[in-house]
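Participant: Whatever this is, show me its structure:
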Amino acid sequence: MESPPTEASPQSLLPYYGSYSTDTGDVVVIARLGWFFDMRTSVYRTIYATSSPARFTIGTRFHEPLPKFADLLFGNGTLTIAESARARTAHHIGYRHTDVSVPAIGAQLSGTITEPIGAGPHPGIVVVHGAERGERYFYDIWVGVYTSLGLAVLTYDKRGIGSSTGTYPGDFPTVQALNVYADDAFAALSFLSLWPGIDPKRVGFHGGSQGGWTVPLAGERHRRGAFAVLASAPATTVDQTDLWAGFSGGGAVMPTESTGQMLAEVRDTHSGYDPAPALRALAVPALWLLGSNDRTVPTAVCVEILSAMRKPNFTVQLLPTGHGLLVNPTGLLRDDDQSPGLAPELVPALRAWMMQVLSR
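Facilitator: Numbering: from 1, shown residues only. Modelled structure (predicted):
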């Protein structure tokens, strides 16, 4: 009996990661974390290894290897996506990757700048981590998305993680830890703004999950950044967010309480770090990408908070997803495995908003 496919390792994908373009202009991204993303169709799948080092497979759902959806065959700068009824060949896009060291307070942040094709000056974006012990390669998908929109992207290892020096402040978002992360984000933005070929007036932030607290705080503390994209990002306090996540065991089980009861309890909780002052001070264009079925962040309360601020520079895009922006009707982590991909609205909404912001 044939053994089930195993997930591809970051090391096995190291020769092949990056963005590929088909003859029709479709962009496909291969991430070292083991993910495949087709930006046109929103297909987002886990990559599985085979006996051949240049051949991989993907299934019909995000984290299900079988039935097989396609073979991924890598050649000399090419990727052939061989489905049962057709095959497409894409060519590796020659973005320039430069490893850098970003000076921060008490640390050197090891990062990579990925620059798009074509003459500059280019707009730029700094990708700010969520709660994980994050390294720069965690964000290959976002690098592929933003470079396809013409932005240079700086990703970096969190302080004390990967190749970065300094002391890791921990996973929990204390005020002290968030201040450190905000200062690191500002250091990265300042570094990218001075990079040759970058337009310093068009450099902004991307913050996901916990990074949605970090980015507005960086803006409040340093008054820098031309825009902000906040994905699955809370506008609620830390304790409100933790309370909401606790109802589902962090997305593990369906809550026993009604939605109305849960939201009422969240609204009545006000402790923990509160992002409201930083959000009120945020004067640049900001886009929230929020999953309507998120079990980690209370999206409904976040929308209420943001709407009550009546800030014309704020845009909220609701998506039929859970916390990971995968299409998911329940928001439970186990149901991410059966997802066909990321929300189809995600990339078009981000592209339209970014084009508007960068053209000002």
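Participant: Nearest residue to residue 269 in space, please, no chain neighbours.
Facilitator: Nearest non-adjacent residue to residue 269, counting by C-beta to C-beta, 6 or more residues apart in numbering: residue 240, 4.9 Å away. C-beta coordinates here come from the backbone N, C-alpha and C atoms, glycine included.
Participant: Which strand or helix spans that neighbour?
Facilitator: Assigned by DSSP states H and E, residue 240 belongs to helix 238-247.
Participant: Stretch 122-136: how far from the chain's middle?
Facilitator: Centroid displacement of stretch 122-136 relative to its chain, using C-alpha atoms, centre = their mean, to the nearest Å, is 8 Å.
Participant: buried stuff in it?
Facilitator: Residues of stretch 122-136 classed as buried: 122-131, 134-136 (neighbour count, 16 or more other C-beta atoms under 10 Å).
Participant: Show me which residues of the helix holding residue 240 are buried.
Facilitator: Applying a neighbour-count criterion of 16+ other C-beta under 10 Å, the buried positions in helix 238-247 are 238, 240-245, 247.
Participant: ok so, going back, for the residue nearest to residue 269, which residues are in contact?
Facilitator: Taking C-beta atoms under 8 Å, 6 or more residues apart in numbering, we find residue 240 in contact with 234, 266, 269-270, 272, 298, 301.
Participant: filter the residues you listed to the buried ones?
Facilitator: Under a neighbour-count criterion of 16+ other C-beta under 10 Å, the subset of these counted as buried comprises 234, 266, 269, 272, 298, 301.
Participant: Turn those residues into JSON lines, including distance to residue 58.
Facilitator: Shown next, in JSON lines, are the buried ones among the contacts of residue 240 (distance: C-beta to C-beta, whole Å):
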{"residue": "234", "distance to residue 58": "32"}
{"residue": "266", "distance to residue 58": "37"}
{"residue": "269", "distance to residue 58": "41"}
{"residue": "272", "distance to residue 58": "40"}
{"residue": "298", "distance to residue 58": "33"}
{"residue": "301", "distance to residue 58": "36"}
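Participant: Closest one to residue 92 out of the residues you listed, please.
Facilitator: Using C-beta to C-beta, residue 234 is the member of those that lies nearest residue 92, at 36.8 Å.
Participant: what about that closest one, which helix or strand?
Facilitator: For residue 234, there is no helix or strand it lies in under DSSP H and E.
Participant: hang on, it packs against residue 275?
Facilitator: Yes: the pair formed by residue 234 and residue 275 meets the contact definition of C-beta atoms under 8 Å, at 7.2 Å.
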